[in-house]
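Novice: sequence and predicted model, in that order:
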Amino acid sequence: MIASYWAVYSIIEGDLTDFMRNPGPKIRGAIGRVIPKELYRVFFKPERKFLTRGFMLRKLKHPPPPYIIPPPRILSQSMMEVGLRIYGRIGADTKLASIIFSGLEKATFPGGLKLKLEEVYSSNELTGDRRVLRDGEKPMTVSIEDIEAWSREVSAGDIEAIRMMFLTPFKLLKDGRPVGVEDLKPSDIFRHIIRRAFLLEYLYNGRVLAWMNPSYVQRLKEWADENIILEKRLRKSSARVKGCGGFLEGIMILKMRNDDRLREVLKHLKIGEIIGIGKNVSYGYGQYKLMI
């Protein structure tokens, strides 16, 4: 279950230019200063004690936090939206979202930017519906089952190509090293999406789904490399996190030689669109828009 929140702010002071250069880490830092102390560890530093076993957990150093920061939306010169997606039961707490977004009013961002909160709403990432938050109301959410239903419906249409338009730089790893443009394969995409989906679902919803097991992942990877033509309109990015590079940016286009697994492909890519892909997603990296 993923709850997507957006806050509408008016810009009362400062310039957006500096803020919009790599805004994810700036928003994350501001959230860290306003989140309730009792939730700080759960939100930013989930404990490894939950990860007792599992095929994907052996090399995991740090459990992924339950939040994703999508790119801010500029509405006008004086208005903008800041988003926050929260995975699992913690996301159903609308008070948490309200505390976070209200707290951002107190932050001063680069460029002297100061914001005034106008409203907070939750949105459905599949339908585009939105609902302004009221006291006691539950947020709109999207579950894995909702995404599976979406993929069944969309796969019934005639689809020639699927585009992944990256909104922020992304970095995929293989054997601990960044995957470059020339080496990147379709299997790398699905491997990263399924692994991250598994960790989030296991940690924050307490379950493991059938398509998250190693045999399924291996079969899908082999099928993807044999049946998907990957057009990579990518370039190296100047983005760096803690001094490390290896990020890419641009567009990837997936064309299938056959569509016998189209529904699965769409499901995984849609999940990736919502939860992000690759390293440093909690800083706002690895965000893309799926175009069909």
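Specialist: Structure received. Numbering: from 1, shown residues only.

Novice: quick one, phi psi at the nearest residue to S122 once chain neighbours are set aside?
Specialist: Of all residues not flanking S122 in the chain, P139 sits nearest, at 3.6 Å (CB to CB, 6 or more residues apart in numbering). Heads up, the C-betas are built off the backbone N, CA and C, glycines and all. Taking degrees, to the nearest 10, you get phi -80, psi 160 for the backbone angles of P139.

Novice: gap between P139 and R177?
Specialist: For P139, the distance to R177 equals 39 Å [CB to CB, to the nearest Å].

Novice: do Y202 as well
Specialist: For Y202, the distance to R177 equals 26 Å [CB to CB].

Novice: mind checking which of the two has more residues around it?
Specialist: Using other CB atoms under 10 Å as the criterion, Y202 and R177 rank with Y202 on top: 19 against 10.

Novice: look up phi and psi at the nearest residue to that one once chain neighbours are set aside.
Specialist: Computed as CB to CB, 6+ apart, the closest residue to Y202 that is not its neighbour in sequence is V208, at 5.6 Å. Per-residue torsions, V208: phi -130, psi 120 (degrees, to the nearest 10).

Novice: just the pLDDT at V208, thanks.
Specialist: If you check V208, the pLDDT there is 85.

Novice: neighbours of it, just the number please.
Specialist: V208 has 13 neighbours, counted by other CB under 10 Å.

Novice: any idea which helix is longest in the chain?
Specialist: helix 186-204 (DSSP state H).

Novice: next helix or strand past that one?
Specialist: Going down the chain from helix 186-204, the next helix or strand is helix 214-227, by DSSP states H and E.

Novice: now do the buried residues in the helix or strand that comes right after that next one.
Specialist: For helix 214-227, the following helix or strand on the C-terminal side (DSSP H and E) is strand 228-236. By neighbour count on 16 or more other CB atoms under 10 Å, the buried set for strand 228-236 is 228, 230, 234.

Novice: before we move on, what about stretch 254-263?
Specialist: Going by 16+ other CB under 10 Å, stretch 254-263 has these buried residues: 254, 256, 261-263.

Novice: that stretch: end-to-end distance?
Specialist: With CA to CA, to the nearest Å as the measure, the ends of stretch 254-263 fall 14 Å from one another.

Novice: coming back round to it: out of the buried residues of strand 228-236, which comes closest to A107?
Specialist: Relative to A107, the closest of the buried residues of strand 228-236 is L234; by CB to CB it sits at 33.3 Å.

Novice: looks like the closest one contacts I253 (just checking).
Specialist: No: counting by CB atoms under 8 Å, L234 stays clear of I253, with 10.7 Å between them.

Novice: how about the helix or strand hosting I99: buried residues?
Specialist: Per DSSP H and E: I99 is located in helix 94-103. By neighbour count on 16+ other CB under 10 Å, the buried set for helix 94-103 is 94, 96-98, 100-101, 103.

Novice: can you tell me what sits against that helix?
Specialist: 3, 5, 7, 30-31, 33-36, 39, 82, 84, 86, 90, 117, 120, 122, 133, 137-139 (CB atoms under 8 Å, 6 or more residues apart in numbering).

Novice: and the buried ones among those, selectable in PyMOL?
Specialist: The following PyMOL line selects those of the contacts of helix 94-103 that are buried, judged by 16+ other CB under 10 Å:
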select buried, resi 3+5+7+30+31+35+82+84+86+90+117+120+122+133+139
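
Novice: what residues does the worst-scoring helix or strand of the chain on mean pLDDT touch?
Specialist: One helix or strand of the chain scores below all others by mean pLDDT, DSSP states H and E: helix 37-44, with a mean of 78. Here helix 37-44 makes contact (CB under 8 Å, 6+ apart) with 32, 35, 47, 65-67, 90, 96.

Novice: which strand or helix spans R85?
Specialist: Element membership for R85, per DSSP H and E: strand 79-87.

Novice: quick one on the thing from earlier: and the contacts of helix 94-103, which of them are in helices?
Specialist: In helices, judged by DSSP H, the following of the contacts of helix 94-103 are found: 30-31, 33-34, 39.

Novice: quick one, which of those has the minimum pLDDT?
Specialist: Within the set of the ones in helices among the contacts of helix 94-103, pLDDT is lowest for L39 (78).

Novice: please look at P25 and Y283 and confirm they touch.
Specialist: Yes: between P25 and Y283 a contact is recorded at 4.9 Å, counting by CB under 8 Å.

Novice: neighbour count: those two, which is higher?
Specialist: Here P25 and Y283 are set side by side on neighbour count (other CB under 10 Å), and the busier one is Y283, at 22 against 15.
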